[in-house]
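[1] Would you be able to build a 3D model of this:
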Amino acid sequence: MTTTDPAATEPAVVVHYRLRAEFAVGFPPLRRALGHRSGLELDADGLRVRLGPWFVSTPLSNVAGAEASGPYHPLRGLGVRLSLADHGLTFGTTTEGGVCVRFHEPVPGIDPWGLIRHPGLTVTVAEPDLVAEAINRAVERA
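    From the prediction side, this is the model:
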């Protein structure tokens, strides 16, 4: 007598997800200057973050996790900034708060040649708590 596992005969379920988060910008001319392509995107292919001409991209398997952080001091939270302490990168548009994304392997981002690598990226997106939670859920499923 042969028995089969019912789960083995069912087709695999593929869950598709895509997260798009805009930068939190309180000054409309700045939003227009950044362009419609600026923001954070996360899907099965990976994480992509663009702020004007700066761009960070990495596979989902390289994302270690995320947490909401802030508020930030104006000198440390606005603009594109490299931390001299840990080489973390910030894409900042507000001082109110953002999301710090950690990577397993550092990624290029601040220089066009990719010589400086960043172990983390802080992005000041709208709804940072929800974005951090969504990133962590995606990482757990990957």
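
[2] hang on, Gly88 packs against Ile116?
    No. The criterion here is CB atoms under 8 Å, and Gly88 misses it with Ile116 at 10.8 Å. C-betas here are computed from N, CA, C, even on glycine.

[3] Mutual contacts of those two, please.
    Leu82 (CB atoms under 8 Å, 6 or more residues apart in numbering).

[4] ok but Gln57 is inside a helix, no?
    I think there's a mix-up here, since residue 57 is Ser and not Gln. No. Under DSSP: H, G, I helix; E, B strand; the rest coil, Ser57 sits outside any helix and is assigned strand.

[5] ok, the closest residue to it other than its chain neighbours - contacts?
    Among residues not flanking Ser57 along the chain, Arg48 sits closest, at 4.7 Å (CB to CB, 6 or more residues apart in numbering). Arg48 makes contact with Leu40, Glu41, Leu42, Phe55, Val56, Ser57, according to CB under 8 Å, 6+ apart.

[6] what sits against the first one?
    Read that as Leu40. Going by CB under 8 Å, 6+ apart, Leu40 touches Leu19, Arg20, Ala21, Leu47, Arg48, Val49, Val99, Val123, Val125, Val131.

[7] which of these are buried?
    For the contacts of Leu40, a burial check counting by 16 or more other CB atoms under 10 Å picks out Leu19, Ala21, Leu47, Val49, Val99, Val123, Val125, Val131.

[8] was I right about Glu22 contacting Thr124?
    No. The pair Glu22 / Thr124 is not scored as a contact, 10.3 Å apart, by CB under 8 Å.
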